[in-house]
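Visitor: Fold the following and give me the result.
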Amino acid sequence: MFFNKKKEDAQLREDIRNYLNQLQDVIKRMADNSKSCKQYCITIFAGYLALFGVQFEKNNSIPIYIHIGMLLIIIVFMCLDAWYLKFERLFRNIFNDYVKICKNNINDALIARRIYDFNITAPYAIGKNTDFFEILFSTSVLPVYMSQIGLIILQLLIQYDIFNMLDYI
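Guide: Numbers count the residues shown, from 1 in each chain. You can find the predicted model right below:
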């Protein structure tokens, strides 16, 4: 009887370890996807800046639809980045709650029942900082994309010579 209990405890500990590793892998994947969104957007924006520089040097103007298209691309990447960060935080909440349960040794039945639970709609997953719009305007998303949007606005002002028009007002 004692041998079986010890074997069950070892299996439970192994299952807990596997579950926490899987959660960490999901969290890492979401963080990597968020980072990739920023990298791809910056790469596309660098191409846009190069196009603007070449056209500005030739005294040609870039059609307005290219500026609008770039703004839409930035907004799409910004939303996608926030979406990945939301899921990263949801899974991190699941991870932290499960570690708290195991650390405090609250209830063996609860520990066993929650193994391999990836339910992001559970009350313990939805917690602080998991609102999409809160994440969208957070310091990890907003500065990267707003700086790009600000540069596009500046380029529009330069291209359409708004600064010289202000002298006539």
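
Visitor: going forward, measure contacts between C-alpha atoms and count neighbours the same way
Guide: Fine.

Visitor: okay, the residue nearest in space to the middle of the chain: pLDDT?
Guide: The centroid of the chain falls nearest to residue 85 when counting by CA atoms, centre = their mean (2.9 Å). Reported pLDDT at residue 85 in the predicted model: 96.

Visitor: mind checking which helix or strand residue 33 is in?
Guide: helix 2-57 (DSSP states H and E).

Visitor: For that helix, what is the distance to the chain centroid?
Guide: On the basis of CA atoms, centre = their mean, to the nearest Å, helix 2-57 sits 10 Å off its chain's mean C-alpha point.

Visitor: still on that earlier bit, just after the helix or strand harbouring the residue nearest to the centre of the chain, pick out the following helix or strand.
Guide: Using DSSP H and E, the element containing residue 85 is helix 64-104. Downstream of helix 64-104, the first helix or strand assigned by DSSP H and E is helix 108-113.

Visitor: residues in contact with that following helix?
Guide: The contact list for helix 108-113 (CA atoms under 8 Å, 6 or more residues apart in numbering) reads 12, 98, 101-102.

Visitor: wait, which of those residues is closest to residue 40?
Guide: Here the nearest of the contacts of helix 108-113 to residue 40, counting by CA to CA, is residue 98; it sits at 34.1 Å.

Visitor: ok, that closest one - contacts?
Guide: So residue 98 contacts 111, 114 (CA under 8 Å, 6+ apart).
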